[in-house]
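1. attaching a predicted model along with its sequence, questions to come.
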Amino acid sequence: MKKFPIGISDFKRVINDGFYYVDKSLFIDEIIESSAASILIPRPRRFGKTLNMSMLHAFLDIKKAEENASLFEGLKIRETESWRRQGKYPVIYLSFKDIKELTYAESIQKISKLCSNFIKDHFLELIDASNTSNLDIDYFQRIYNSKGIEVDLGDFLLTTSRALEKIYQQNVVILIDEYDTCIIKSWQEGYYNEMITFMRNFLSAGFKDNDYLYKGVITGILRVAKESIFSGLNNLEVNSVLEHAYADKFGLTEGEVKQLLADTHISTSFSEVKKWYNGYTIGLHSGMYNPWSILNYANKPSQGFRPYWVNTSANELIEELLTNANADLEKKLTGLIDGQVMESEISETTIFKDLENGSEKTVLGLLLFNGY
């Protein structure tokens with residue numbers, strides 16, 4: 001029986017090491033066929049965001065095109081027109097999932113290291129290319145040595161995509177995973193204004209009016225308010241859990257869960273699995289399951305049903321909001337916990353000052369997008 005990739009988000013490792021994989025490769029086709037150049041996809045934690053971004057990186061990356069093509073043997077993407085795009089683009093892939101520092105200076109230092117590691121992986125092609133300017137060479141050397149100042153880091157996506165486009169004569173793909181981790185942490189630790197200013201400059205340089213961009217994809221949990229971070233990104237298409245696009249590409253559908261249980265010869269009644277782990281409606285797809293819960297249950301079915309997902313990360317932000325909830329909001333939340341059904345207006349964007357003020361629409365929106 002195949003092993004389950006619990007805690008493993010590297011697509012290449014999942015395939016090469018023979019882990020059980022639910023085919024989500026049509027996510028690639030949906031991205032390529034989208035008319036949007038820049039796409040934001042917020043999803044709750046442990047919903048397969050990083051694995052999908054890793055798969056997208058492996059598919060599009062021009063550096064290892066031939067090597068990576070074999071990873072997609074037997075997957076649905078090979079039967080689409082998008083297969084001709086395999087291995088055609090230089091890719092900038094950065095994950096912010098570990099930027100959880102206590103101070104702004106420490107966060108910038110860690111982001112600098114993130115950019116430095118990318119340059120180290122591409123140093124020779126960026127430095128040795130005959131059409132790389134001396135100014136760009138100096139820039140990459142500063143980033144390589146982690147000596148770039150904030151202004152340098154703010155230009156990273158634009159400067160690097162321009163250089164890669166010149167080298168490969170092909171527009172660039174930019175993938176930013178878990179973009180909001182550092183923003184949420186900054187709000188908790190009191191340096192939100194500095195971090196939001198940096199991230200606005202960093203993302204705008206890469207995604208706004210970037211002539212070298214083919215596609216940009218950003219994932220996270222929250223849709224941080226446009227005026228806070230995405231100001232000016234008029235080309236940004238947002239696909240939250242309320243939208244139809246990509247609805248079945250993150251999380252597991254009911255059919256996929258049934259197939260997994262059949263493949264692994266788990267005899268538990270599906271109705272019992274559904275009673276424990278069903279509960280998400282994404283776009284038009286009801287009956288969506290959190291992959292973390294299903295994989296952990298399937299890995300050790302003899303241990304019975306357990307609330308795996310709720311313990312996967314700290315919830316200080318939500319705990320703080322619930323502690324400070326006013327009487328009306330507290331009554332509504334208590335009703336939901338007691339199983340009552342009610343209609344509530346929510347805010348689709350997260351404005352942190354509204355969270356501080358206990359705005360009901362913002363708090364309920366935060367709970368929704370966090371997966372509650």
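-> On my side now, so go ahead. Numbering: from 1, shown residues only.
2. okay, and the beta partners of the residue nearest to the spatial centre of the chain?
-> By C-alpha atoms, centre = their mean, the chain has its centre lying nearest to Thr219, at 2.8 Å. Per DSSP bridges, residues listed as beta-bridge partners of Thr219: Ile41.
3. how close does it get to Ile77?
-> According to C-beta to C-beta, to the nearest Å, Thr219 stands 19 Å off from Ile77. The way it works is simple: take the backbone N, C-alpha and C, and place the C-beta from them, glycine included.
4. ok, back up a step: residues in contact with the residue nearest to the centre of the chain?
-> 40-43, 49-50, 52-53, 176-179 (C-beta atoms under 8 Å, 6 or more residues apart in numbering).
5. just the pLDDT at it, thanks.
-> For Thr219, the pLDDT comes out at 97.
6. one more: Ala225?
-> pLDDT at Ala225 comes out at 68.
7. again, but for Tyr297
-> 95.
8. quickly find the element holding it.
-> Using DSSP states H and E, Tyr297 sits within helix 291-299.
9. in that helix, what counts as buried?
-> Burial within helix 291-299, assessed by neighbour count using 16 or more other C-beta atoms under 10 Å, is assigned to 291-298.
10. could I get those residues as JSON lines with distance to Leu135?
-> Shown next, in JSON lines, are those (distance: C-beta to C-beta, whole Å):
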{"residue": "Pro291", "distance to Leu135": "45"}
{"residue": "Trp292", "distance to Leu135": "46"}
{"residue": "Ser293", "distance to Leu135": "50"}
{"residue": "Ile294", "distance to Leu135": "51"}
{"residue": "Leu295", "distance to Leu135": "48"}
{"residue": "Asn296", "distance to Leu135": "50"}
{"residue": "Tyr297", "distance to Leu135": "55"}
{"residue": "Ala298", "distance to Leu135": "54"}
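11. point out where the stretch 251-372 of the chain drops to low pLDDT.
-> Within the stretch 251-372 of the chain, the set of residues satisfying pLDDT under 70 comprises 312-316, 356.
12. which parts of it are helices?
-> 254-263, 270-277, 291-299, 316-323, 327-337, 352-356, 360-370 (DSSP state H, counting those that start in this stretch).
13. let me have those in a markdown table, adding distance to Gln86 as columns.
-> Below are those laid out as a markdown table (distance: least, C-beta to C-beta, whole Å):
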| stretch | distance to Gln86 |
| --- | --- |
| helix 254-263 | 24 |
| helix 270-277 | 34 |
| helix 291-299 | 25 |
| helix 316-323 | 39 |
| helix 327-337 | 45 |
| helix 352-356 | 40 |
| helix 360-370 | 32 |
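14. which among the ones you listed is found nearest to Val310?
-> Among those, helix 291-299 comes nearest to Val310, with 9.2 Å by C-beta to C-beta.
15. starting at the chain centroid, how far to the closest one?
-> Chain-centre distance of helix 291-299: 20 Å, with C-alpha atoms, centre = their mean, to the nearest Å.
16. same for it, what does it pack against?
-> helix 254-263, helix 270-277 (3 or more C-beta pairs under 8 Å, 6 or more residues apart in numbering; DSSP states H and E).
17. so what touches it?
-> With C-beta under 8 Å, 6+ apart, helix 291-299 has contacts from 4-6, 20, 22, 46-48, 251-252, 257, 260-261, 264, 266, 273, 276-277, 305-309, 312.
18. take the residues you listed and keep only those in strands.
-> Among the contacts of helix 291-299, none falls in strands (DSSP state E).
19. please indicate which of those residues are buried?
-> Applying 16+ other C-beta under 10 Å to these flags 4-5, 20, 22, 46-48, 251-252, 257, 260-261, 273, 276-277, 308-309, 312 as buried.
20. burial count for Lys76?
-> 14 (other C-beta atoms under 10 Å).
21. ok, now which ones touch it?
-> Counted by C-beta under 8 Å, 6+ apart, Lys76 has contacts 23, 25-26, 29.
22. repeat for Val22
-> 252, 256, 260, 291.
23. with Ser240 instead?
-> 41-42, 223, 348, 369.
24. again, only this time at 10 Å
-> 40-43, 222-223, 246, 282-283, 348-349, 365, 368-369 (C-beta atoms under 10 Å, 6 or more residues apart in numbering).
25. also Phe207?
-> With C-beta under 10 Å, 6+ apart, Phe207 has these contacts: 37-40, 157-158, 174, 176, 213, 216, 218, 230, 232-233, 235-236.
26. now with 8 Å, please.
-> By C-beta under 8 Å, 6+ apart, the contact set of Phe207 is 37-38, 157, 174, 213, 216, 218, 233, 235-236.
27. what about stretch 88-108, how long is it end to end?
-> 32 Å (C-alpha to C-alpha, to the nearest Å).
28. buried residues in that stretch?
-> 88-97, 99-101, 104, 107-108.
29. name the nearest residue to Leu71, ignoring sequence neighbours.
-> Ile15 (4.8 Å; C-beta to C-beta, 6 or more residues apart in numbering).
30. how many residues are close by that neighbour?
-> Ile15 has 20 nearby residues by other C-beta under 10 Å.
31. try Asn326
-> For Asn326, using other C-beta under 10 Å, the count is 12.
32. how about it, what does it touch?
-> Contacts of Asn326 (C-beta under 8 Å, 6+ apart): Gly358.
33. flag every buried residue along the lengthiest helix in the chain.
-> Counting by DSSP state H, the longest helix found in the chain is helix 104-121. Neighbour counts over helix 104-121 (16+ other C-beta under 10 Å) mark 104, 107-108, 111-112, 114-116, 118-119 as buried.
34. show me what that helix is packed up against.
-> strand 91-95, helix 134-144, helix 150-154, helix 156-168, helix 181-189, helix 192-207.
35. what about 10 Å?
-> Under the contact definition 3 or more C-beta pairs under 10 Å, 6 or more residues apart in numbering; DSSP states H and E, helix 104-121 sits against strand 91-95, helix 123-128, helix 134-144, helix 150-154, helix 156-168, helix 181-189, helix 192-207.
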